[in-house]
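Visitor: Let's see this in three dimensions:
(2 chains)
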Amino acid sequence: MKKTYWFILGVLILVIIVVALLWQWRKFPRLKEEVLPSITPEVIPEKTRSVKLYFVSEKGTTLTIETREINATSSELDQAHLIIQELIVGPASNSNLAPTIPPGTKLREIYFDSGGSAYVDFSREIQDNHPGGSTGELLTIFSVVNTLVANSSKIKRVQVLVEGKEIPTLAGHIDTSRPFKKNEEILLDTAAGRKEIVP
Amino acid sequence: MSPEKIIFVLLILLVILNSFGVAESSIQVRTDRSPSPITLPSETIDKTEYISVEELAELMGANIFWDPLVLKVLLKVGEKNFRLVVDSPMVIGNGKLKTMEKPVRFRQGIVMVPVEFAERILNEETGMGFKWDEQRRLLIIASSKDALASLERELAPPPQPPSALPLVVCIDPGHGGRDPGALGPTGLQEKEVTLVIARGLYELLKKDPDIKVILTRTDDYDVRLEDRSVIANKNKADFFISIHSNAATRKSAGGFETFFFSPALYEEDQLLAESENAPASTSSLPRGSKTADLEAILKDLTQTAYIAESSDFATIVQESLLREFQEFKPEDRKVKQAPFLVLREASMPAILVECTFLSNPVEEIRLRQSNFRERIIRTLYEGVSIYKARYMKRMGLNYRQAPKEEG
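Guide: Alright, predicted model coming up:
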């Protein structure tokens, strides 16, 4: 008798769970990607602007500018999206420059605050597929920072986020918990300035 | 006591205090025009140090003109004019209006200026360098900013009282545990390379009787970046050296890099911008509070206080590496500065060395070879030893004898 009782109770609970799940399913129909319009930056038709993109130089340890014509947009935020997309695409195929963003990385979102800082949110691949190394890290961070600041009068500083979160470092070296100013010098050999050596 | 009596007593006190308000004393002056220190009479008025403008001009080699009718002084420093009026805190210097905290004074026929006039206004508006050290009552006057920096270095008191014996060197093998660091094309892991080099350096430094060595990790385990500087601070380390091997997207990138800390590059105007509080343009992200920002700035200040020393340390180590590894030096590499998390809160001279590139196939092979590792270890040891010798000399230390007491 007791056994049947437990059995019926079990079946009842199961049925309730299944019904509840089905109910949820009904309430939230799955998104059909092909039906929904994707978020695309609003471009001004037949208008382009030239942008400066910072890629790894031939030397491998410094950044160099590639100038490229891209679609112009009406909003600063959309423009920033297009610029970072270009940075992710990488340098022109006929150039001798190398990309700074690890393969597979996607741009999730860009945020502006009122103080002139931009926050660029990348997918986790920017960390997972990163080669590491202080130099590799500096090249990635400052290609994003320099590129955005160089092409916008509004953006003064840039912070890199990963999956929507602040990260202490990208690959274990450089403190990325705060936004950076554009820095042309950090990847040049003259960064430390003059220092005489008297052993 | 009646109110009148109280007022009377207060008045008397005021008169007495006022006469005490002016105290004749003296300050020390060092200039690059004369090798020996000069004692200059001064007056402490209202807690501020005043010196004679005439004597200041003489020490600077500047010309001075005087208009006794309106009690006005014109100081000519090269092409630049500075106009001072007695009892006024305003100065027209180099065409700009400047205000001092305290006014110019006229006492016993002498025009006296607060030290601030030299330290701030002349320092800003002339090519010459001025520095006032309140504690040591020392005014440094130099013909240029560079000369000031070298005079300051020469006269600098040791940053820490030389007490603890011996010098403590903290070696930090980069990465470890779940964090392998960079990976070579054939699978060599950075955490392994850094541990081998750090241990080797540890063994060499241990033989030096002047030095006590500590490691932030002795094996393959996790140590948080923030905790590494904590280990160094807790052990009162005198030097911190973090060992890494580099990586970059481009396979051809190679060579040694030595870094020291630079504070994050935005503070002042960041705070300014945030105080303006304009409405957010598009989506805005919740930012850390101002307190959090200030906290971050304070953390930066820890290592910033040692930046000159760290820069020296980095330069010496990088020079040693470039000397030793001339055969594959692709170009002359100077030391570099970046906001490293591991160096940020270290309260001692601190550097980070990237021992060639694991991402470079040729360099990865070299990093597998024990004789190449040995060469790196020996060269780092040499660099640390040169820096140690310089450091001890500058601090007036000689550990093999009794440590010299300062002051």
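Visitor: would you list every one of the strands in chain A?
Guide: Secondary structure of chain A (DSSP state E): strands at A:43-56, A:63-73, A:107-112, A:117-122, A:157-162, A:165-166, A:180-181.
Visitor: will you turn those strands into CSV that also has mean pLDDT?
Guide: Formatted as CSV, the strands of chain A follow (pLDDT from 0 to 100):
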stretch, mean pLDDT
strand A:43-56, 91
strand A:63-73, 93
strand A:107-112, 89
strand A:117-122, 93
strand A:157-162, 94
strand A:165-166, 88
strand A:180-181, 90
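Visitor: want to throw these into TSV with distance to residue B:307 and mean neighbour count?
Guide: (Glycine included, C-beta is placed from N, CA and C.) TSV is the format used below for the strands of chain A (distance: least, Cβ to Cβ, whole Å; neighbours: other Cβ atoms under 10 Å in any protein chain shown):
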stretch	distance to residue B:307	mean neighbour count
strand A:43-56	26	16
strand A:63-73	24	16
strand A:107-112	32	19
strand A:117-122	25	23
strand A:157-162	22	22
strand A:165-166	25	11
strand A:180-181	18	22
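Visitor: Would you mind saying which of these lies nearest residue B:259?
Guide: Closest to residue B:259 of these, according to Cβ to Cβ: strand A:180-181, at 15.8 Å.
Visitor: strand partners of that closest one, parallel vs antiparallel please.
Guide: Strand pairing for strand A:180-181, determined by DSSP bridges: strand A:157-162 (antiparallel).
Visitor: Report the inter-axis angle for the strand it pairs with versus strand A:107-112.
Guide: Relative orientation of strand A:157-162 versus strand A:107-112 (axes from the mean of the first three to the mean of the last three Cα atoms, to 10 degrees): 150 degrees.
Visitor: Just send the strands of chain A back as TSV, with distance to residue B:72 too.
Guide: Putting the strands of chain A into TSV (distance: least, Cβ to Cβ, whole Å) gives the following:
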stretch	distance to residue B:72
strand A:43-56	54
strand A:63-73	54
strand A:107-112	53
strand A:117-122	49
strand A:157-162	47
strand A:165-166	57
strand A:180-181	44
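Visitor: List phi and psi for residue B:109.
Guide: phi 80, psi 10 (degrees, to the nearest 10).
Visitor: tell me the contacts of the closest residue to residue B:183 other than its chain neighbours?
Guide: The shortest distance from residue B:183 to any non-neighbouring residue, by Cβ to Cβ, 6 or more residues apart in numbering or on different chains, is to residue B:189 (6.1 Å). For residue B:189, the contact set (Cβ atoms under 8 Å, 6 or more residues apart in numbering or on different chains) comprises B:180-183.
Visitor: For those residues, which single residue is the most surrounded?
Guide: Ranked by neighbour count (other Cβ atoms under 10 Å in any protein chain shown), the contacts of residue B:189 have residue B:182 at the top, with 31 neighbours.
Visitor: Quick check, that one in contact with residue B:191.
Guide: No: counting by Cβ atoms under 8 Å, residue B:191 is not a contact partner of residue B:182; they are 9.2 Å apart.
Visitor: centroid residue for chain A?
Guide: residue A:122 (2.5 Å; Cα atoms, centre = their mean).
Visitor: Who does that one form a beta bridge with?
Guide: Going by DSSP bridges, residue A:122 forms beta bridges with residue A:107, residue A:162.
Visitor: And it, how far from residue A:175?
Guide: Remark: distance between residue A:122 and residue A:175 (Cβ to Cβ, to the nearest Å) = 17 Å.
Visitor: now the closest residue to chain A within the stretch 251-400 of chain B, what's its secondary structure?
Guide: Residue of the stretch 251-400 of chain B nearest chain A, by Cβ to the nearest Cβ: residue B:253 (3.0 Å). Secondary structure for residue B:253, judged by DSSP: H, G, I helix; E, B strand; the rest coil, is coil.
Visitor: tally of neighbours for the residue nearest to it when sequence neighbours are not counted?
Guide: Spatial nearest neighbour of residue B:253, excluding adjacent residues (Cβ to Cβ, 6+ apart): residue A:60 at 3.0 Å. Neighbouring residues of residue A:60 were enumerated by other Cβ under 10 Å; the total is 22.
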